[in-house]
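Student: Sequence and computational prediction follow.
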Amino acid sequence: MSTSYQSFLDDAQERMDKTVEHFAEEIRGFRTGRASTGLIENIRVDYYGTKTPLGQMASITVPEARCLMVKPFDPSGLKDIEKAILAADLGLNPSIDGNALRVVVPHLSEDQRKKMVARLKSLAEETKVSLRNVRRDAIREVEHAQKEKTGDVVVTEDDVKSAKSDIQDILKNHEQRVEEALKTKSAEILEV
């Protein structure tokens with residue numbers, strides 16, 4: 001079904017998708033007590049004067065359940081990678097093992113787990129606020145198109161009402177995706 005305001009819906013959908021994807025990327029870096037490449041792959045390393053994501057300058061593997069192995073493509077960057085992991089303040093202590101770094105993921109205390117879940121909830125709420133801002137902007141754009149009556153697309157008053165409803169449905173869908181990701185990650189963190 002193509003409507004006169006479909007382009008506004010598509011734009012809102014795309015922007016909300018990107019917001020949820022960004023949230024999913026952010027929470028990958030949260031420690032769960034198990035080793036995961038997502039813990040460190042986005043750490044920025046000062047590499048020849050440029051802040052480069054660790055995942056772009058090294059291969060990261062999980063040889064054991066509580067250990068990460070980081071093998072830089074350029075061995076001269078080993079010390080820089082070690083400094084960046086320590087500076088990230090994730091509670092990880094890397095050690096140089098030949099031409100690679102071994103990063104042991106320590107157990108989290110119950111208190112640390114609860115603090116991490118609280119940070120996760122805060123991040124989820126910020127993401128929902130961003131989603132609501134996208135909704136607000138999309139509704140403004142539709143209302144503006146209806147008032148201006150310029151261009152190829154004619155938006156009627158009924159279209160504005162329908163668009164508001166459709167945009168709200170898109171928002172609810174995306175908020176639900178954020179809640180599901182929050183619930184899953186919280187369960188992983190609190191799991192002993």
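Tutor: Nice, I can see it. Residues are numbered from 1 along each chain as shown.

Student: Which strands and helices lie in contact with the biggest helix by length in the chain?
Tutor: Scanning the chain for the longest helix, with DSSP state H as the assignment, gives helix 110-148. Helix 110-148 sits against helix 6-28, helix 157-190, with contacts defined as 3 or more Cβ pairs under 8 Å, 6 or more residues apart in numbering; DSSP states H and E. Placement of C-beta: from N, CA and C, glycine included.

Student: ok and the shortest one relative to helix 157-190, angle-wise?
Tutor: This points to helix 6-28. Put simply, helix 6-28 runs at 10 degrees to helix 157-190, going by axes from the mean of the first three to the mean of the last three Cα atoms, to 10 degrees.

Student: Residue ranges in the chain under the pLDDT threshold?
Tutor: 1-3, 31-33, 150-153, 192 (pLDDT under 70).

Student: mind giving me the domain split of it?
Tutor: Using automatic domain parsing, the domain parsing of the chain gives 6-28+109-190, 37-104.

Student: Please render those domains as CSV that adds mean neighbour count to the earlier fields.
Tutor: Putting the domains of the chain into CSV (neighbours: other Cβ atoms under 10 Å) gives the following:
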stretch, mean neighbour count
domain 6-28+109-190, 16
domain 37-104, 16
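
Student: contacting residues for Cys67?
Tutor: Ala35, Arg102, Val103, Val104, Val105 (Cβ atoms under 8 Å, 6 or more residues apart in numbering).

Student: I'd like these as a markdown table, with distance to Lys83 appended.
Tutor: Output for those, formatted as a markdown table (distance: Cβ to Cβ, whole Å):
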| residue | distance to Lys83 |
| --- | --- |
| Ala35 | 20 |
| Arg102 | 16 |
| Val103 | 13 |
| Val104 | 17 |
| Val105 | 19 |
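
Student: of those residues, closest to Lys149?
Tutor: Ala35 (58.6 Å; Cβ to Cβ).

Student: How much space separates the closest residue to Glu141 other than its chain neighbours from His174?
Tutor: Once flanking residues are discounted, Glu141 sits nearest to Phe8: 5.6 Å by Cβ to Cβ, 6 or more residues apart in numbering. Distance of Phe8 to His174, computed by Cβ to Cβ, to the nearest Å: 16 Å.

Student: Quick one: classify the nearest residue to Asp97 once chain neighbours are set aside as helix, strand or coil.
Tutor: Computed as Cβ to Cβ, 6+ apart, the closest residue to Asp97 that is not its neighbour in sequence is Met69, at 7.8 Å. Following DSSP: H, G, I helix; E, B strand; the rest coil, the label given to Met69 is strand.

Student: Please verify my assumption that Met69 contacts Ala100.
Tutor: Yes - with contact defined as Cβ atoms under 8 Å, Met69 counts as touching Ala100 (5.6 Å).

Student: Mind listing the shared neighbours of the two?
Tutor: If you check Met69 and Ala100 against Cβ under 8 Å, 6+ apart, no residue is contacted by both.
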